[in-house]
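Engineer: Quick one: sequence plus predicted model below, questions after.
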Amino acid sequence: MKHMEVNHNSANNDESIINSNSKQRIGRIKKFLLYIKSFLPFILSHHPECERFKEHTLNLGKVKLCIGCFIGYPTAVCAFFLIRILNLHFLFSTHPFFILSLIFLGTFFLSPLNLAKYKKIKIVQKFLIGVGTAMLFNWIMERPFSYFINLRTAFIVFYMLLTLLNIYHAYGILGSCYVCETPFNWGKCSGFCTIRNRMEKNSIDNFLIKFENFSCRLLERRIEKNKNLS
């Protein structure tokens, strides 16, 4: 009888532990989803909401969209399938269109040269990059090799282009934040105000406030550097 009672208590303890672990997992998932919900404006715009990045986003009412992502990528996909649907891929497989695709992709360098700082120019630039990407992929897929070799080459080229664009994108944001009056102080700066309000509304931890000490050290280093230069 005692043995049965011990087994019963052990089973209850195991069930209690399982229920506790299950609640913890559900709690972590819920918290993660709340962070996603809080950071939704940044996920769509990919830029902080401050004056330094106002030319990098499209405003649709209260929603801000990243020009590069919401112009460049859709243009590339639509142009690629349009060329295929209209059966123009043989035309775009010729060398003149290959050169033209490189010229369109070359408009990327307008950004590091600071020639695409205005929104209208940036929109045209991203559109041309999208079209150039589609033309380049069509050229690759029509090369005189097997379908799988061409597909692999197209994937490698796409991965390299995507990596280059994302590295430059991240470098641009971090570079602008670095020269700001409150560098990387995302827990207080106006660029993340909406996100902080959303985190407060969703009752989750504002971990951005932890960047304050890092920001203070950068400012101290900047002040010290200016003193040495003067």
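Structural biologist: Ah, there it is. Numbers count the residues shown, from 1 in each chain.
Engineer: Where does pLDDT dip in this protein?
Structural biologist: Scanning the chain with the threshold set as pLDDT under 70 gives 1-23, 92, 230.
Engineer: mind listing the strands for it?
Structural biologist: Along the chain, the stretches classed as strands by DSSP state E are 57-60, 63-66.
Engineer: and of those strands, who's closest to L164?
Structural biologist: With Cβ to Cβ as the criterion, L164 lies closest to strand 63-66 of the strands of the chain, at 16.5 Å. In this view, the C-beta of every residue, glycine as well, is placed from N, C-alpha and C.
Engineer: which strands and helices sit next to the helix or strand following the closest one?
Structural biologist: Scanning forward in sequence from strand 63-66 by DSSP states H and E, the next helix or strand is helix 67. Using 3 or more Cβ pairs under 8 Å, 6 or more residues apart in numbering; DSSP states H and E, the elements in contact with helix 67 are helix 119-141.
Engineer: Now do the buried residues in the helix it packs on.
Structural biologist: Residues of helix 119-141 classed as buried: 122-123, 125-141 (neighbour count, 16 or more other Cβ atoms under 10 Å).
Engineer: coming back round to it: any chance of the strands of the chain in TSV, with distance to Y171 and mean neighbour count too?
Structural biologist: Below are those laid out as TSV (distance: least, Cβ to Cβ, whole Å; neighbours: other Cβ atoms under 10 Å):
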stretch	distance to Y171	mean neighbour count
strand 57-60	18	14
strand 63-66	15	17
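Engineer: Go through those and name the closest to K30.
Structural biologist: Shortest distance between K30 and the strands of the chain, using Cβ to Cβ, is found for strand 63-66: 24.7 Å.
Engineer: At which residues are the helices of this structure located?
Structural biologist: In the chain, helices defined by DSSP state H lie at 2-38, 40-45, 67, 73-85, 95-105, 119-141, 147-178, 193-201, 212-229, listed in chain order.
Engineer: Report the beta-bridge partners for L58.
Structural biologist: L65 (DSSP bridges).
Engineer: what's the neighbour count on I67?
Structural biologist: For I67, the neighbour count with other Cβ atoms under 10 Å is 22.
Engineer: do the same with T153
Structural biologist: Here the neighbour count serves as a burial measure; for T153 (other Cβ under 10 Å) it reads 15.
Engineer: quick revisit: export the strands of the chain to TSV and tack on distance to I209?
Structural biologist: Output for the strands of the chain, formatted as TSV (distance: least, Cβ to Cβ, whole Å):
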stretch	distance to I209
strand 57-60	25
strand 63-66	23
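Engineer: I'd like to know which of the ones you listed lies nearest to S203.
Structural biologist: Within these, the stretch nearest S203 is strand 63-66; the backing value is 23.9 Å (Cβ to Cβ).
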